[in-house]
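S.K.: below are the sequence and a predicted model; questions follow.
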Amino acid sequence: MNKPLIIRPELIKQLLALPLAQRKAAWESLSLLSEAFGHPHSHSGLGIRKLRPHLFECRVGLNLRLLFKDRDMGVEVFWIGNHDQMQTFLRNYKYD
């Protein structure tokens, strides 16, 4: 069962600020995410990893990571950045 992909407005702004090559890679990962999530064998290439209950990361190339939540209504993608930025973001992130 595929969950719908929910892309937060903040993520759109972050994506538009990326260089074209990274933006294309991010959109490619996003297009595969909703189909692959929940099927471990099909998402091995995306590098999906559970960080906290219902909070996951998805690899975009070597440098970038997408953060998303597994919600009842779908897969909610809300943030993108490199590994160091993600660690800083998660330290200050209020999980809901």
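M.R.: Received it, and whenever you're ready, just let me know what you need.
S.K.: what's the burial count for residue 36?
M.R.: Neighbour count for residue 36, taken as other Cβ atoms under 10 Å: 20. Quick note: C-beta positions are derived from backbone N, CA and C, even for glycine.
S.K.: relative to residue 61, how far out is it?
M.R.: Distance from residue 36 to residue 61, counting by Cβ to Cβ, to the nearest Å: 16 Å.
S.K.: determine the longest helix present in the chain.
M.R.: helix 20-36 (DSSP state H).
S.K.: how far does that helix sit from its chain's centre?
M.R.: 9 Å (Cα atoms, centre = their mean, to the nearest Å).
S.K.: average pLDDT across the helix or strand following it?
M.R.: Counting by DSSP states H and E, the next helix or strand C-terminal to helix 20-36 is strand 49-52. The pLDDT scores in strand 49-52 average 91.
S.K.: now swap in stretch 63-79 and tell me
M.R.: The model assigns stretch 63-79 a mean pLDDT of 94.
S.K.: got the buried residues for that stretch?
M.R.: Residues of stretch 63-79 classed as buried: 64, 65, 66, 67, 68, 69, 74, 75, 76, 77, 78, 79 (neighbour count, 16 or more other Cβ atoms under 10 Å).
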